[in-house]
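Student: just to be clear, the model below is a prediction. Sequence and coordinates:
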Amino acid sequence: MLCPSRLAKLRPLPRPLLAAARRHRGVDLRCAISSSPPPPPPPPPPQVRLRTTSSSSTGLGMPSVDEEECGDFLPWLERKAGAEVSPFLSVGKSAYGRSLFASKSIRAGDSILKVPFNVEISPDDLLPEIRSCKVGNVAKLAAIVLKEQKMGQDSEWAPYIRCLPQPEEMHSTVFWSDEELEMIKESSVYQRTIDRKVGMEREFSVLRHALDCHLPEVSKDMKFEDFMHACALVESRAWESSKGYSLVPFADFLNHDGLAKAVLLRDEQKQFSEVIADHNYAPGEQVLISYGKLSNAVLLLDFGFTIPHNIYDEVQIQFNVPLQDPLYEMKLYLLQRHCLQITHNFGISKCPADSFTIKLVLMLYFPYIRCHKFETVSIGMFL
Ligand SMILES: C[S@@+](CC[C@H](N)C(=O)[O-])C[C@H]1O[C@@H](n2cnc3c(N)ncnc32)[C@H](O)[C@@H]1O
């Protein structure tokens, strides 16, 4: 959700090293719907910030700038921005892929980066004929990424485009094989992955037609896999903006910490995006921000990673409350009041056969205690 002049939520629309992502692939997102007796409640997650563990990011030594691909990135960005973008941060690599590190001490409250809107990539950079295409904002931005990739060195964003992850570095579930998807078949992420792929196929054919007519040099040899890669790049690193979605070079090298208070702020008046440090950093520490209050399902689908003890995790359950149930009103009331926090995405939607699909946020510390207060729900959840 975008707060007009300030807060921009990273579109759920963020990725770990392959090994980390694969480790998470077996995670059963139905953990709360198990038939075994509920295990004792887990201890509260430790209030520590996520830190990467690779030697380059522990803060014990300054990470090296990724010279090979990104050596020219910051000088290019500052030329394009016409100003210094950050006196505090340098680009490097951690277990989370490309990352930003404190190049000197940072104090809570410091403005650690300012990226002017004029260096962003937004759908405004598309030909009007393509912009008016009946596809979503993600696909429109993906079309620009494809165009800039095609232009290679001639692209005015070449140093940025070169730094973006390659398809083999992307781990969102749309890239998973059938065999891998089979492991999450019972989770809602499975169906959302299938739906997303179907949607992308549809948008690919619409966009391809428009590109054939107006930008044939881009559509020539363009494969569905290229479009899927471009869409996944946008999903995992574009921010909501007044133009739909925008790619914010440099800011999009920041990785996610669900406990961070720092977010990307957008100042529509002054026309720049900014991040204010939420705590002190020593030189060499990785700087992390929050992409939003995102569940592991969203993180996996959109960004290709999950986080342990995610305080924003949730599970979707199917719960039947027949209309003719004399306690219908009371059950609904109790469900909302005592057990479930209903998010606006899913809310309560009426499905055929008087069933309700409810998305709840797990109370991680004592989900069972809370749900036992309302027996019917606990039966629904734990049988
Ligand atoms: C906005 S980009 C951040 C920059 C990215 N690391 C890169 O290489 O360009 C989001 C991606 O970073 C990775 N990422 C961010 N936070 C992460 C985390 N806490 N754990 C694992 N991967 C993370 C994920 O691959 C995600 O899709």
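Tutor: Nice, I can see it.
Student: number of nearby residues for the closest residue to residue 279 other than its chain neighbours?
Tutor: Setting aside the residues directly before and after it, residue 279 is nearest to residue 108 in space (Cβ to Cβ, 6 or more residues apart in numbering), at 5.0 Å. C-beta here means a position set from N, CA and C on the backbone, and glycine is covered the same way. Using other Cβ atoms under 10 Å, residue 108 is surrounded by 12 other residues.
Student: same question for residue 284.
Tutor: The number of residues packed near residue 284 is 19, by other Cβ under 10 Å.
Student: now residue 168
Tutor: 9.
Student: next one: phi and psi at it?
Tutor: The main-chain torsion angles of residue 168 are listed as degrees, to the nearest 10 and equal phi -70, psi -10.
Student: just the pLDDT for it.
Tutor: According to the prediction, residue 168 has pLDDT 95.
Student: now it: how far from the ligand?
Tutor: Residue 168 sits 12 Å away from the ligand, taking Cβ to the nearest ligand atom, to the nearest Å as the criterion.
Student: what's the answer for residue 178, then?
Tutor: Here the criterion is Cβ to the nearest ligand atom. By it, residue 178 lies 22 Å from the ligand.
Student: residue boundaries of the strands in the stretch 1-150 of the chain?
Tutor: Under the criterion DSSP state E, counting those that start in this stretch, the stretch 1-150 of the chain contains strands at 7-8, 89-94, 97-102, 111-116.
Student: about what we covered before: wait, the residue nearest to residue 279 touches residue 262, no?
Tutor: No. Look at residue 108 against residue 262 with Cβ atoms under 8 Å: they stay out of range, at 9.3 Å.
Student: list residues touching both of those two?
Tutor: Counting by Cβ atoms under 8 Å, 6 or more residues apart in numbering, the shared contacts of residue 108 and residue 262 are 277-278.
Student: just the terminal-to-terminal distance for stretch 266-284.
Tutor: Distances were taken as Cα to Cα, to the nearest Å; on that basis the terminal residues of stretch 266-284 are 26 Å apart.
Student: could you do stretch 157-174 as well?
Tutor: Between the start and the finish of stretch 157-174 there is a gap of 26 Å, counting by Cα to Cα.
Student: circling back to that earlier point, any chance of JSON lines for the strands of the stretch 1-150 of the chain, columns mean pLDDT?
Tutor: Compiled in JSON lines, these are given as follows (pLDDT from 0 to 100):
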{"stretch": "strand 7-8", "mean pLDDT": "44"}
{"stretch": "strand 89-94", "mean pLDDT": "95"}
{"stretch": "strand 97-102", "mean pLDDT": "97"}
{"stretch": "strand 111-116", "mean pLDDT": "97"}
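Student: quick one: which of these is nearest the ligand?
Tutor: strand 97-102 (2.8 Å; Cβ to the nearest ligand atom).
Student: for the closest one, enumerate the helices and strands it packs against.
Tutor: For strand 97-102, the elements it packs on are strand 89-94, judged by 3 or more Cβ pairs under 8 Å, 6 or more residues apart in numbering; DSSP states H and E.
Student: by how many degrees do the strand it packs on and strand 111-116 diverge?
Tutor: Compare the direction of strand 89-94 with that of strand 111-116 by axes from the mean of the first three to the mean of the last three Cα atoms, to 10 degrees and you get 100 degrees.
Student: neighbouring strands for strand 89-94, and are they parallel or not?
Tutor: Here the strand partners of strand 89-94, with direction, are listed using DSSP bridges: strand 97-102 (antiparallel).
Student: list the buried residues in the strand it pairs with.
Tutor: 97-102 (16 or more other Cβ atoms under 10 Å).
Student: having no further points to raise, I will conclude here.
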